[in-house]
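>>> Provided below for reference: sequence and predicted model.
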Amino acid sequence: MKPAYLYLFLLGVLFSITSCLDDPEVTSWRKANDEFMLSLRDSSDFKPLEYNDRILYGDENYNYLDHPVSGIYYKTLVEGRGAVPLVGQTVQVEYEGRLYDGTVFDSGSRTTPVGTGVISGWSEVLYRIPQGSTWEVAIPYHLGYGEVKHGSIPAYSCLIFTMELVSIVED
């Protein structure tokens, strides 16, 4: 008797997963987000955020051409002249987050350690942005919340943040 229940349960799970994959609304949203991120490649305003281990490890011989881009694009709105935080340092950030269509999903101030406690895309930005800078960043869905809905943020959403690195908090 138990194997029959297990079979029905597994069948239900499989049906749930495949029905989400075929949802035209989800497919359309993902396509629109992908097209938005692709459009940034041709933009003269946005630049790709490159991996930059030199910042983390102080290697002056770092060759930017040997490292791929992260998939994040950014535009400098205000160029700060302060220090760039290291992984593990705590920073204060003022931010606004929105979807590619302009829908604001969050804003405020956040104090967070660099490299932990935030989505992967934020971590990549935080150890590259100089203190005092304000950047607009576009984070692809795989460095955000991925293939799942998160609160009011639909699955497959690229996330656009205006981020100001206010300070590196002294411990």
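Okay, I see it.
>>> how about the helices in this protein?
2-21, 24-41, 53-57, 120-126 (DSSP state H).
>>> I'd like the average pLDDT over the shortest one.
The pLDDT scores in helix 53-57 average 46.
>>> ditto for the last one
Across helix 120-126, the average pLDDT comes to 88.
>>> neighbours of residue 44, how many?
When counting by other C-beta atoms under 10 Å, one arrives at 6 neighbours for residue 44. Every C-beta, even on glycine, is put in place using the N, C-alpha and C of the backbone.
>>> quick one: it from residue 70, how far?
Applying C-beta to C-beta, to the nearest Å, the value for residue 44 to residue 70 is 20 Å.
>>> cool, and residue 146?
The gap separating residue 146 from residue 70 is 15 Å, by C-beta to C-beta.
>>> the two: which has the busier surroundings?
More neighbours surround residue 70 than the other of residue 146 and residue 70, with 20 against 15 (other C-beta under 10 Å).
>>> where are the low-confidence patches of the protein?
1-22, 50-69, 171 (pLDDT under 70).
>>> need the contact list for the residue positioned nearest the centre of it.
By C-alpha atoms, centre = their mean, the chain has its centre lying nearest to residue 121, at 3.1 Å. Going by C-beta atoms under 8 Å, 6 or more residues apart in numbering, residue 121 touches 72, 137, 139-140, 143-144, 159.
>>> what about 7 Å?
72, 139, 143-144, 159 (C-beta atoms under 7 Å, 6 or more residues apart in numbering).
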